[in-house]
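Chemist: need coordinates for the below:
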Amino acid sequence: MDHDRLRKLASSAHRWRDLELVAIVGPGVVDDRSLREFIAVHCADYQTLPMDCERLLFSIGHVEGMATLATRRGTEPACQESADIIGSSTVVRALSATSKESRRSMRQ
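Modeler: Residues are numbered from 1 along each chain as shown. Predicted coordinates for the structure are as follows:
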């Protein structure tokens, strides 16, 4: 795993935070702590190769449905506050900042 590339992706994640990602990774890749954290924070789901087409279609359908819910206007947000985010990694700090920003924008 190229950890420098992963750090660069994480640092630019704010640019594509509205994009729901489904990661496709090779076997054993999720044994890497940094990659697991990246997937957990930035991806809606992940698939491990070899690809299971039915599972992938389910993931894409779920992501599409969640995006549809997120784009509905004129409804109250489902959650006014969120639980504290625990951790000190760069990715967790970025997620925490994004979460606070999102809560502020939902209140406006």
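
Chemist: what does the helix or strand residue 70 falls within rub up against?
Modeler: Per DSSP states H and E, residue 70 falls inside helix 53-71. Helix 53-71 has contacts (Cβ atoms under 8 Å, 6 or more residues apart in numbering) with 20, 22, 44-45, 47. Just so you know, the C-beta spots here come from the backbone N, C-alpha and C atoms, and that holds for glycine as well.

Chemist: could you give the mean pLDDT of it?
Modeler: Per-residue pLDDT over helix 53-71 has a mean of 87.

Chemist: i'd like the first residue to be 10 from this point on
Modeler: In the new count, where the first residue is 10, that last one comes out as helix 62-80.

Chemist: quick check: buried residues in that helix?
Modeler: 68, 72 (16 or more other Cβ atoms under 10 Å).

Chemist: so how far is that helix off the chain centroid?
Modeler: 13 Å (Cα atoms, centre = their mean, to the nearest Å).

Chemist: the strands in this protein, which residues?
Modeler: 30-34, 52-57 (DSSP state E).

Chemist: surely residue 55 touches residue 39?
Modeler: Yes - when contacts are counted by Cβ atoms under 8 Å, residue 55 is listed as touching residue 39 (7.3 Å).
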